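Q: Sequence and computational prediction follow.
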Amino acid sequence: MEIKYTPAFLSKIEDIFAESSLFLRYEKGNFKSGYCILKEQRVIVVNKYLPIEGKINCLIEILKQIEINENLLGAKTKKLYEELIQESLNG
């Protein structure tokens, strides 16, 4: 799967978080790796000053680390999620 660093692709990845009942926030901060996860509150905070490529890469990295209930995802979102996870396993 080719990752497209566009606002539309970023929006599609954000939909994965929204549909899985995770709260995604863009905040200013000095995060070393670009994000932090507040597990107890199911909130993911991404540095809003990252360029779009950084935001997409951070969100994909987070998807690899957390569990997503795929039953909550719509068909298109689930397909994208599976492709991103599969790509991370192969690459």
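A: Thanks, I have it. Nothing here was measured: the structure is a model prediction, and the numbers come from that model.
Q: Need the contact partners of the strand or helix carrying Ala8.
A: According to DSSP states H and E, Ala8 maps onto helix 7-19. Helix 7-19 is touched from outside by 3, 23-24, 44, 52, 55-56, 59-60, 63, 68, 72-74, 76-77, 80-81, 84, with contacts defined as CB atoms under 8 Å, 6 or more residues apart in numbering. From N, CA and C alone the C-beta is placed, and that goes for glycine too.
Q: Buried ones among those?
A: Using 16 or more other CB atoms under 10 Å as the burial test, these include 24, 44, 55-56, 59-60, 63, 68, 73, 77, 80-81, 84 as buried.
Q: hey, where'd the helices end up in the chain?
A: Using DSSP state H, the helices of the chain run over 7-19, 52-65, 75-90.
Q: could I get those as a markdown table with mean pLDDT and distance to Glu40?
A: Below are the helices of the chain laid out as a markdown table (pLDDT from 0 to 100; distance: least, CB to CB, whole Å):
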| stretch | mean pLDDT | distance to Glu40 |
| --- | --- | --- |
| helix 7-19 | 96 | 17 |
| helix 52-65 | 92 | 16 |
| helix 75-90 | 90 | 23 |
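Q: so who does the residue in the chain sticking out farthest from the centre touch?
A: In the chain, counting by CA atoms, centre = their mean, Asn30 sits farthest out from the average C-alpha position, at 18.8 Å. Neighbour list for Asn30: Asn47 [criterion: CB under 8 Å, 6+ apart].
Q: that older thread, so which of the helices of the chain gets nearest Leu38?
A: Leu38 lies closest to helix 52-65 among the helices of the chain, at 11.9 Å (CB to CB).
Q: which helices and strands sit right next to that closest one?
A: Where contact means 3 or more CB pairs under 8 Å, 6 or more residues apart in numbering; DSSP states H and E, helix 52-65 is packed against helix 7-19, strand 35-38, strand 43-47, helix 75-90.
Q: try 10 Å this time
A: helix 7-19, strand 23-27, strand 35-38, strand 43-47, helix 75-90 (3 or more CB pairs under 10 Å, 6 or more residues apart in numbering; DSSP states H and E).
Q: Appreciated, that's everything.
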